[in-house]
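[1] sequence first, then the predicted structure:
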Amino acid sequence: MITFGRPAFDAHKNGVLTGRIVGNVYDKSLPVNLPRRERVYLFEHLYMTRITSMLPADDGAYAFEYIDEGQKYFVVAFDRRQLYAGKIADRLTPDPMP
């Protein structure tokens, strides 16, 4: 984890990291969407700070857990084959962890 002493990271000190963001990485194909294992990056929205990154599971599913529910985030993924442009999911609000 990277911290720069900014207010967005106060939750890491206070222990209120109870949120998670989940999603899938896939190729839009017909008749079925095909899962992909492309690295996914999580950024904190306010300061554009990268929090972490991960490789999805074989089925393309990823989950960023133990993040601050009070912040907004965005997720970025790039196609290693360079057939498609990178994709961004913006203004994501974490859900409470089960």
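    Great, that's in hand.

[2] pull the helix or strand with minimum mean pLDDT from this structure.
    helix 10-14 (a mean of 51; mean pLDDT, DSSP states H and E).

[3] where do the strands sit along the chain?
    19-24, 26-27, 34-35, 40-44, 49-54, 61-67, 73-77, 87-92, 95-96 (DSSP state E).

[4] tabulate those strands (TSV), appending mean pLDDT and mean neighbour count.
    C-beta coordinates here come from the backbone N, C-alpha and C atoms, glycine included. Converted to TSV, the strands of the chain look like this (pLDDT from 0 to 100; neighbours: other Cβ atoms under 10 Å):
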stretch	mean pLDDT	mean neighbour count
strand 19-24	92	16
strand 26-27	85	16
strand 34-35	86	12
strand 40-44	94	20
strand 49-54	92	14
strand 61-67	92	17
strand 73-77	94	19
strand 87-92	92	13
strand 95-96	91	10
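
[5] which residue lies farthest from the center of the chain?
    residue 31 (26.8 Å; Cα atoms, centre = their mean).

[6] how much space between that one and residue 98?
    Distance of residue 31 to residue 98, given as Cβ to Cβ, to the nearest Å: 32 Å.

[7] same thing with residue 65?
    Residue 65 sits at a distance of 10 Å from residue 98 (criterion: Cβ to Cβ).

[8] repeat for residue 86
    30 Å.

[9] looking at these two, which is more packed in?
    residue 86 (11 against 4; other Cβ atoms under 10 Å).

[10] the more buried one and residue 75 touch, don't they?
    No. Assessed by Cβ atoms under 8 Å, residue 86 is found out of contact with residue 75, at 10.7 Å.

[11] which phi and psi values does residue 25 adopt?
    phi -110, psi 130 (degrees, to the nearest 10).

[12] pretty sure it contacts residue 56?
    Yes. Assessed by Cβ under 8 Å, residue 25 is found in contact with residue 56 at 5.1 Å.

[13] understood, closing this out.
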